[in-house]
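K.L.:
Fold the following for me, if possible:
(chains A and B)
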Amino acid sequence: MKRLFGHPFTQGAVVLVVGFFIFEYLIGYILPLFGVSSAPVPRSVVFQYMLTVLVGVLLYMSAEEERWAAFREPIQRTMVDRDKRGLRGVLMVAIPALIGWLAYENVKPSYGAPATLRSVHPAPPNQITFRGQTMELTGLENPLRHEGSLEEHMAVGRAIYTRNCVPCHGDRLDGDGHFSAAFNPIPADFTAPGTLPQLTESYVFWRVAKGGPGLPQEGTPWDSAMPAWEPFLEENEIWATIIYLYEQAGVTPRTWEEEGEEGGEH
Amino acid sequence: MRSRETVEGSRAAAWLRRGGWMAIAALAVAVPLLAQAAGPDYGEFGVFGLDRRDAVWIAAQLHLLFAAFVLGVPMFAVVIEAIGIFSKNERYDKLAKEFTRLLLVAYSATAIWGAILVFFLSTLYPRFWGYLTAIFAPSMWLYAALFFFESFTLYLYYYGWDAWKKGASKIVHWGLGIMLNVWGTIVMFIANGWLTYMMSPPPDVTADTVPQTVELWSAINNATWMPINIHRLLANVVFGGAIVGAYAAYRFLTSETDEERAHYDWMGYTGNFIAIGALIVLPFAGYWLGREIYEFSQQMGITMMGGFMSWLWIIQAFLIGILFLAGNYYLWIGMGRIPGAERFQPHIKWMLLVLVLGVIVWATPNTMIADRDEIAAMGGQQHPFLGVLGVMSAKNTAVNLMILTTFLSFLMYRRANKEPVVPWAKAGTMIQGLAFAIAAVVVVFYGVYGYFVTAIVRIGFSVYQVAAVLATILFVIGIDIAMARGAKSRGEIRWGEMPPRSQYALLILAVTFTWLMGLMGFARSGIRQHWHVYEVIRDTSEQAFTPALGPAATMISICVLIFFGLVGMIFWLGGLAEKSVYEETGA
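P.N.:
You can find the predicted model right below:
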């Protein structure tokens, strides 16, 4: 047994099996049992990870001459030894059959929608027209941050959010509203680190004002059900809602770099 | 004595060189004529099923790749020549000369592809080309003049190699090599002015601005000009080293004697050393460029990093992962020919583990490719658990740890056959280990802390991570140099005793660098989208759309194949010239 597991070929195979177990089962199914927020890893990502691990195994095995010879030895013996004729025959059928099955699995007709690659942050225009007025988005800050009280803006924003946004984005801002399950893609989760804190308030203003219909041509189809709120909300109502979003989610908006700020290059 | 090598080398290059100069001469006539001609905005192109944009794309990509070759390799040559002069080691001098010979043909290829590019631009995009010439004409004339100086400096540098070999004349010769680099760098800076103007024209230039009224210097010195200059300068060093490595690998694999194998093994190691060494600082220049792009236009920045170009960064992470893995792998195999390296072998698996985990983290997409069921299970395009690996904090941490690991591989390689004799050797090694540990802790600390601060603060953290890594590299290498003084040798490196697979690692490095240049160049250029000059001159041709990643990757891969086909020919010509010398002296 010790000899078997001490052999480089077996070690390589074990690493691959352990890797697959981690990516496919541990992350996807075992972690949630312990209360960790997780989900099955998409096939494309498992493939990507396994490819990396396979390359790592091959590099390790071939980085040293003796280990490389030992690693290849069972493969070579299976290919040429007389007493391995039976195994050789089985492999010569099994390997093409496995490849054939994988190819079939990949190309067979299915009813599922194909895997999609969707950008979650479409690029905003440099300027927009809001109710006939031109707004430069670059460098634009939330004007309500400098006037009135935060509580007032929060109250206005909360009322607007509750009235218009909760059905989709949910009362916890996590994209889990009553209607969310009906949408694909599901509504944005404002509590995720990849959403609000990554964006400037002017970006969020653009998304709220123009909604799905205002998304840029690049990267289409967006498949967004987000309505454009421009016809229904005043400019300051949108800004107040944005303040509510950030304050309620407990995150701060991305700010514009200023001269001398240079992102911490002191 | 004029060797047959010189004759063969000059014959081999003569035809191509004449072609290049004729093309440039024709160009000088064609440019003003075509710029003035009134006519349609776009010309037609239908050769081999390619459209006008495909034609310009292929010509521009190949011109750029050859230009990187002829800018990177002279940097390599002049550094190697200096090492030869100051160490008085003849073999460095021979190595530098061997590369300069390859340059002669590569220069011609650069000029030819440059001429093809200008002809395509002026005939297929006459209005846009006229616009550019209206602004940049004086810089184009200067460009042509400098190219002339550069070429003649190269001829003097190469053909004067044996004539100016000793004493003060050798220093003058080395000065020619430096001048060659100076001309080349200025030429590149000028061309960068044109292309960066297309990306980030000065703010006062609008669609109504008459091009003749745009001030030349403000057009050149635009927001992304200097970041591109620095990024390309460093990238050319990397590329030069990688091409040298690929040439050495090709010659190693076709060598017939142990002596040749030893020579090309050493050359491959030197090329790889320079390529990986410069690669370590390259991401920081790229980071500066990305930041300037974002500052210039939020739209461009988000298109590049979060929009439809964002997946290119995952491909880039994969490819750079290949570079790190291949570069380290080459060193680890190389330890097999160094007496005393056995003691480091047990550590390889842990370094490989860090690299593999680094690649996994770096290449984890923020937005995953998933089908409907998978998206539903994840609750969105981002994975609830792996999502933390999709943001910059995780990726910066991964890449900095990979850089540290690669440096550790170099250190082990360097120290393999040495036994320090200084009394503080043990303490020195411990201090080095401590420096590594501190750097790793700083990198991980700021990586984790980055999740708890705002985006603008987080961006600043990457500077601390980088500073910790670079400071450690300098500090550790300083100790190592002091510690190696008078060190006992455990045996000489057995140059040439390398398995062929090590050479394929060098070839993979060169191909991967080339591919990366094409792919990331597409990201830089593609974020202009439907503009010739961003928000100034609109692309109104049928090809105004930005190609999807698949067709773009196919086109770039074709360019890489053509480039290596031509580079293979240059390598072959280099081998031909040398073979004749071998036969002549061996007869």
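
K.L.:
all contacts plus neighbour counts: C-alpha atoms, from now on.
P.N.:
Will do.

K.L.:
per-residue pLDDT, B:Gly491?
P.N.:
In this model, B:Gly491 is scored at 87, pLDDT.

K.L.:
repeat for the one 5 residues further on
P.N.:
Among the per-residue scores, B:Gly496 shows a pLDDT of 90.

K.L.:
correct me, but it touches B:Glu256?
P.N.:
No. Judged on Cα atoms under 8 Å, B:Gly496 makes no contact with B:Glu256 at a distance of 11.4 Å.

K.L.:
Between the two, tell me which one has more neighbours.
P.N.:
Each of B:Gly496 and B:Glu256 had its neighbours counted (other Cα atoms under 10 Å in any protein chain shown), and the higher figure belongs to B:Gly496 (19 against 10).

K.L.:
Against B:Gly336, how distant is B:Asn417?
P.N.:
Distance, B:Asn417 to B:Gly336, using Cα to Cα, to the nearest Å: 11 Å.

K.L.:
before we move on, what about A:Val36?
P.N.:
From A:Val36 to B:Gly336 the distance is 45 Å (Cα to Cα).

K.L.:
Mind checking which of those two has more residues around it?
P.N.:
Legend: neighbour count by other Cα under 10 Å for A:Val36 and B:Gly336, higher for B:Gly336 (20 against 12).

K.L.:
Check the secondary structure at the more buried one for me.
P.N.:
Recorded secondary structure, B:Gly336: helix (DSSP: H, G, I helix; E, B strand; the rest coil).

K.L.:
so who does it touch?
P.N.:
A:Glu64, A:Glu65, B:Glu342, B:Met498 (Cα atoms under 8 Å, 6 or more residues apart in numbering or on different chains).

K.L.:
what two of those residues are the furthest from one another?
P.N.:
Farthest-apart pair in those is B:Glu342 and B:Met498; separation 15.4 Å (Cα to Cα).

K.L.:
Tell me which of the two has more neighbours.
P.N.:
Legend: neighbour count by other Cα under 10 Å for B:Glu342 and B:Met498, higher for B:Met498 (20 against 14).

K.L.:
Go ahead and confirm the more buried one touches B:Leu331.
P.N.:
No. In this structure, B:Met498 is not within contact of B:Leu331 by Cα under 8 Å, at 10.8 Å.

K.L.:
Any stretches of the chain with poor pLDDT?
P.N.:
Looking at chain A here, since you left the chain open. Counting by pLDDT under 70, the ranges of chain A that qualify are A:1-4, A:115-120, A:218-220, A:257-266.

K.L.:
not quite, I wanted chain B
P.N.:
B:1-38, B:577-587.

K.L.:
what about the strands in it?
P.N.:
B:418-419, B:488-489, B:531-533, B:537-538 (DSSP state E).

K.L.:
Pull up the pairing partners for the third one, direction included.
P.N.:
To tie it back to what came earlier, the one meant is strand B:531-533. strand B:537-538 (antiparallel) (DSSP bridges).

K.L.:
Pull the contacting residues for residue 247.
P.N.:
Answering for chain A, as no chain was given. A:Met154.

K.L.:
was after chain B, sorry
P.N.:
B:Gly268, B:Phe571.

K.L.:
ok, 7 Å please
P.N.:
B:Phe571 (Cα atoms under 7 Å, 6 or more residues apart in numbering or on different chains).

K.L.:
Against A:Asn184, how distant is it?
P.N.:
52 Å.

K.L.:
Is it correct that B:Gly321 is in contact with B:Val359?
P.N.:
Yes. Between B:Gly321 and B:Val359 there is a contact at 5.4 Å, judged by Cα atoms under 7 Å.

K.L.:
Chain A contacts on the stretch 151-300 of chain B?
P.N.:
B:Gln298, B:Gln299 (Cα under 7 Å from any Cα of the partner chain).

K.L.:
Now for the residue in the stretch 351-500 of chain B that chain A sits nearest to, how many residues are close by?
P.N.:
Residue nearest to chain A within the stretch 351-500 of chain B: B:Asp371 (3.7 Å; Cα to the nearest Cα). By the criterion of other Cα under 10 Å, B:Asp371 has 18 neighbours.

K.L.:
Give me the distance between it and A:Val55.
P.N.:
26 Å.

K.L.:
Also B:Ala425?
P.N.:
Taking Cα to Cα, one finds B:Ala425 at 37 Å from A:Val55.

K.L.:
Of these two, which one has the most company?
P.N.:
Applying other Cα under 10 Å to B:Ala425 and A:Val55 shows that B:Ala425 carries more neighbours, namely 17 against 14.

K.L.:
Enumerate every residue touching the spatially closest residue to the more buried one that is not a sequence neighbour.
P.N.:
Counting by Cα to Cα, 6 or more residues apart in numbering or on different chains, the nearest residue to B:Ala425 once its immediate chain neighbours are dropped is B:Met483, at 6.4 Å. Shown in contact with B:Met483 (Cα under 7 Å, 6+ apart): B:Pro420, B:Val422, B:Ala425.

K.L.:
what's the answer for B:Arg415, then?
P.N.:
B:Arg415 touches nothing, counting by Cα under 7 Å, 6+ apart.

K.L.:
is chain A contacted by stretch B:374-391?
P.N.:
Yes. Interface with chain A: stretch B:374-391 contributes B:Glu374, B:Ala377, B:Met378, B:Gly380, B:His383, B:Pro384, B:Phe385 (Cα under 7 Å from any Cα).

K.L.:
Now flag whichever of the residues you listed is closest to B:Asp41.
P.N.:
B:Gly380 (44.9 Å).

K.L.:
What number of residues are in the vicinity of the closest one?
P.N.:
Neighbours of B:Gly380 under the rule other Cα under 10 Å: 22.

K.L.:
same question, A:Met61
P.N.:
22.

K.L.:
next one: B:Pro138
P.N.:
11.

K.L.:
From chain A, how far off is it?
P.N.:
Computed as Cα to the nearest Cα, to the nearest Å, the B:Pro138 to chain A distance reads 32 Å.

K.L.:
What is the nearest of the contacts of B:Gly336 to B:Lys170?
P.N.:
Nearest to B:Lys170, judged by Cα to Cα, of these is B:Met498 at 34.2 Å.

K.L.:
Out of the strands of chain B, which is closest to A:Asn142?
P.N.:
Across the strands of chain B, closest to A:Asn142 is strand B:531-533 (Cα to Cα), at 30.0 Å.

K.L.:
Now do stretch B:168-184: everything it contacts.
P.N.:
For stretch B:168-184, contacts defined as Cα under 7 Å, 6+ apart pick out B:Leu71, B:Pro74, B:Met75, B:Val78, B:Leu146, B:Glu150, B:Thr153, B:Leu154, B:Tyr157, B:Trp164.

K.L.:
at 6 Å what do you get?
P.N.:
Identification of contacts with stretch B:168-184 by Cα atoms under 6 Å, 6 or more residues apart in numbering or on different chains yields B:Val78, B:Glu150, B:Thr153, B:Tyr157, B:Trp164.

K.L.:
same question, stretch A:52-66
P.N.:
With contact meaning Cα under 6 Å, 6+ apart, stretch A:52-66 is reached by A:Gly12, A:Arg67, A:Trp68, B:Trp332, B:Ile333.

K.L.:
and if we set it to 7 Å?
P.N.:
Applying Cα under 7 Å, 6+ apart, the contact partners of stretch A:52-66 are A:12, A:16, A:67-68, A:71, B:329, B:332-333, B:336, B:349, B:352, B:356, B:360.
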